[in-house]
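# Predicted structure and sequence below. I'll ask about it afterward.
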Amino acid sequence: MLPPMVRVLIPLLYVALVVYALVDVVQSDEEDTGGIGKGLWIFAIVFLPLVGSIAWIVVSSGSRRRRGVSRRSTGFPAGEVPPAQYPKRERTWEKEASTYAPEDDPEFLWLMEQAKKKREREAQGRGNQEPGATAPDAH
């Protein structure tokens with residue numbers, strides 16, 4: 001009498017072989033069928049599971065070997081997927097640094113000119129006050 005584990009393992013391997021063969025037939029190329037249609041292979045695997053499955057594996061692997069194709073390169077969905085191509089991102093720290101010294105930078109010079117004008121306006125505003133007038137207390 002076989003141990004209980006073997007009694008369960010043998011039918012599982014049998015079913016796995018049949019399922020593998022059926023899935024492989026459905027996903028195979030026409031060149032892998034050995035000149036027999038896919039429908040006839042499916043019929044053979046369903047009605048003669050052990051013989052049909054083993055025959056399919058032998059015929060398809062021989063056909064693939066002759067063509068030099070491995071199962072991995074013809075797998076689902078359509079073979080190997082090329083790596084994604086994304087546009088190069090420009091990062092702020094990779095941008096070219098400013099070539100201006102602070103004294104030559106037009107933006108810096110403009111800001112300095114605006115600050116100078118603001119100081120002059122404030123100085124004129126203080127100069128227009130009457131001599132007897134005092135600034136309001138901040139009590």
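Yes, it's here. Source: prediction; values computed, not measured.

# Counting by contacts, list what the worst-scoring helix or strand of the chain on mean pLDDT packs against.
The helix or strand of the chain with the poorest confidence is helix 49-67; it has a mean of 86 (mean pLDDT, DSSP states H and E). Counting contacts by 3 or more Cβ pairs under 8 Å, 6 or more residues apart in numbering; DSSP states H and E, helix 49-67 is packed against helix 4-27, helix 38-47. C-beta: built from backbone N, CA, C; applies to glycine.

# Looking at the ones you listed, which is nearest to residue 101?
Residue 101 sits nearest to helix 4-27 of all these, at 67.6 Å, using Cβ to Cβ.

# Could you list every helix and strand in contact with that closest one?
helix 38-47, helix 49-67.

# okay, the angle between that helix and helix 49-67?
50 degrees (axes from the mean of the first three to the mean of the last three Cα atoms, to 10 degrees).

# Tell me which helix or strand residue 125 sits in.
Here residue 125 sits within helix 106-127, counting by DSSP states H and E.

# quick one: average pLDDT of that helix?
Mean pLDDT, helix 106-127: 89.

# Nearest residue to the middle of this structure?
residue 84 (6.1 Å; Cα atoms, centre = their mean).

# Which of the three states applies to that one?
coil (DSSP: H, G, I helix; E, B strand; the rest coil).

# what number of residues lie near the nearest residue to residue 103 once chain neighbours are set aside?
Excluding its sequence neighbours, the residue lying closest to residue 103 (Cβ to Cβ, 6 or more residues apart in numbering) is residue 109, at 7.6 Å. Around residue 109 there are 13 other residues, counting by other Cβ atoms under 10 Å.
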